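*Asks:* Got a predicted structure plus its sequence, pasted below:
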Amino acid sequence: MFEIIFVIAIIGYTVQTILFLIGVRKKFTQLSWNELPTASIIVAARNEEENILRCLESLHNLEYPEGKLEIILVDDRSTDRTSEIIDTYIADKPRFKKIISQKTVGSLKGKSNAIANAHEIATGDVILTTDADCAVPPTWARTIASYYTKDVATVNGFTYQQNSNWFEGMQNLDFIYLLTVGSGTINLNMPISCIGNNMSYTRRAYREVGGYESLPFSVTEDSQLLLAIAKLKKYKLLFPLDKQALVVSKVCPDFLSLYRQKKRWVVGGLGVPAYAFSVLINGWFTMACIVLAPFFFSPVAGWLIFLKILLDYLTLRLITADLKITEGLKHFISFEIYYMIYVLALPLVLLLDRKVIWKDRTLS
């Protein structure tokens, strides 16, 4: 009986993996250099004195038509030297603007409030967002903006994380895997989530949903906005696999911050559409079968576990090869173990406590 259940789980896991790959590899029409829309980049920063300079330097090097790009930096009430570093760096750079998120927009909190403050002065037809601990390539903005053909309302891009050891490596591969799921489902018109460190949308669509202040509060405000725009059912949502739009970010430095990040994502994920839960349940059910398999001494179960691991590896191999970041695959085994543990554990954690702590703030 266990073998039959496990076979069903692996079939479901295989089918959804194939669908993700079909979606993620879709190709889209792009605009030429002269056709690029006006754009505003928004970066919210809170206590990022260790990271902000790298981010600013990468933004300064962006390639974009003269007069069509502005970069808005929001100091989200930092208590360290973040604001001072920004002021010094942008003093002679007219594309940059800086504001402090002193105003509370509606009942917003934290990052979503900081971004809403920036929207009040943003002038670009397209809004791009990234995080203060990220660095973008010179081609990032022009590549993302080039996908804004007729009726496109959101364009997301891939992010990878710097990795030099197993702890960082497992986080990096997990990030890429989750973004593959996000890309595949968005490109198949069944959006589940996205990540705000490589996100964009039209100012028009943002206004049509009423901005962050009109949306229910979420600790994953980026996905909340994506799903709100999707509900309009009048625009295209894209998530291309494009190396020219690849952003690099930093990993969580320790297990506590990693736990808090995962918990925030899972709590925010409770607001996903009903069809998204089939993906979550399928993943959890497959992992549970793997953990139970040793108790049944089944040779078939061993082959099924091998198939699941092979599927994961081939998926990551294909995506990282397209993005030219295959060196991170050396940490694949640590990723597989980590992936199984948190997929099984976090739903149980939510039964005990849904309090989210992020950037020294408690959100609920």
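*Replies:* Looks like it came in fine.

*Asks:* Dihedrals phi and psi, the nearest residue in space to Ala205 that is not next to it in sequence?
*Replies:* Distances taken as Cβ to Cβ, 6 or more residues apart in numbering put Ala153 closest to Ala205, at 4.0 Å, once the chain neighbours are dropped. Heads up, the C-betas are built off the backbone N, CA and C, glycines and all. For Ala153, the backbone dihedrals are phi -110, psi -30 (criterion: degrees, to the nearest 10).

*Asks:* And for Ala153, the neighbour number?
*Replies:* Number of residues near Ala153 (other Cβ atoms under 10 Å) recorded here: 23.

*Asks:* now swap in Gly106 and tell me
*Replies:* With other Cβ under 10 Å as criterion, Gly106 counts 15.

*Asks:* one step back: need the contact list for the residue nearest to Ala205.
*Replies:* Contacts for Ala153 (Cβ atoms under 8 Å, 6 or more residues apart in numbering) come out as Tyr201, Thr202, Arg204, Ala205, Ile229, Leu232, Tyr235, Lys236, Leu237.

*Asks:* hang on, Ile72 is in a strand, isn't it?
*Replies:* Yes - secondary structure of Ile72 (DSSP: H, G, I helix; E, B strand; the rest coil): part of a strand.

*Asks:* Thr123 is in contact with that one, correct?
*Replies:* No - the pair Ile72 / Thr123 is not scored as a contact, 9.5 Å apart, by Cβ atoms under 8 Å.

*Asks:* who touches both of these two?
*Replies:* Ser40.

*Asks:* which of these two has more neighbours?
*Replies:* Neighbour comparison, Ile72 and Thr123: the larger count goes to Ile72, with 25 against 10 (by other Cβ under 10 Å).

*Asks:* How about the more buried one: what's its closest non-neighbour residue?
*Replies:* Here the residue nearest Ile72, using Cβ to Cβ, 6+ apart, is Ala118, at 4.6 Å.

*Asks:* wait, isn't the one you found in contact with Asp75?
*Replies:* No - applying Cβ under 8 Å as the test, Ala118 and Asp75 come out as separate, 10.7 Å apart.

*Asks:* before we move on, back to that, which of the contacts of Ala153 fall in helices?
*Replies:* Of the positions in the contacts of Ala153, Arg204, Ala205, Ile229 sit in helices, assigned by DSSP state H.

*Asks:* burial of the second one, as a residue count?
*Replies:* When counting by other Cβ under 10 Å, one arrives at 21 neighbours for Ala205.

*Asks:* residue contacts, it?
*Replies:* Here Ala205 is in contact with Ala153, Thr154, Ile229, Leu232, Tyr235 (Cβ under 8 Å, 6+ apart).

*Asks:* State the distance from the second one to Asp92.
*Replies:* Going back to what we said before, that points to Thr154. 34 Å (Cβ to Cβ, to the nearest Å).

*Asks:* Same question for stretch 56-75: list its buried residues.
*Replies:* For stretch 56-75, a neighbour-count test (16 or more other Cβ atoms under 10 Å) marks 56, 58-59, 62, 64, 68-75 as buried.

*Asks:* Which pair in these has the greatest spatial separation?
*Replies:* Across the buried residues of stretch 56-75, the longest distance by Cβ to Cβ is 24.9 Å; it joins Lys68 and Asp75.

*Asks:* pLDDT averaged over stretch 38-56 - what is it?
*Replies:* Averaged over stretch 38-56, pLDDT sits at 96.

*Asks:* roughly how far is it from the heart of the chain?
*Replies:* Distance, stretch centre to chain centre, for stretch 38-56: 16 Å (Cα atoms, centre = their mean, to the nearest Å).

*Asks:* Go ahead and produce PDB holding the CA coordinates of that stretch.
*Replies:* Extracted in PDB, the C-alpha atoms of stretch 38-56 (Å, rounded to 0.1, in the frame of the first residue of the first chain):
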ATOM      1  CA  THR A  38      10.300  55.500 -18.700                       C
ATOM      2  CA  ALA A  39      11.300  53.700 -15.500                       C
ATOM      3  CA  SER A  40      11.600  54.300 -11.800                       C
ATOM      4  CA  ILE A  41      13.700  52.000  -9.600                       C
ATOM      5  CA  ILE A  42      12.700  51.900  -5.900                       C
ATOM      6  CA  VAL A  43      15.000  50.500  -3.200                       C
ATOM      7  CA  ALA A  44      13.800  50.500   0.400                       C
ATOM      8  CA  ALA A  45      16.700  50.300   2.900                       C
ATOM      9  CA  ARG A  46      16.600  49.800   6.600                       C
ATOM     10  CA  ASN A  47      19.900  49.500   8.600                       C
ATOM     11  CA  GLU A  48      21.900  48.400   5.500                       C
ATOM     12  CA  GLU A  49      25.200  50.200   6.100                       C
ATOM     13  CA  GLU A  50      27.100  47.000   5.300                       C
ATOM     14  CA  ASN A  51      25.400  46.400   2.000                       C
ATOM     15  CA  ILE A  52      24.000  49.700   0.600                       C
ATOM     16  CA  LEU A  53      27.200  51.000  -1.100                       C
ATOM     17  CA  ARG A  54      27.500  47.800  -3.300                       C
ATOM     18  CA  CYS A  55      23.900  48.300  -4.300                       C
ATOM     19  CA  LEU A  56      24.300  52.000  -5.100                       C
END
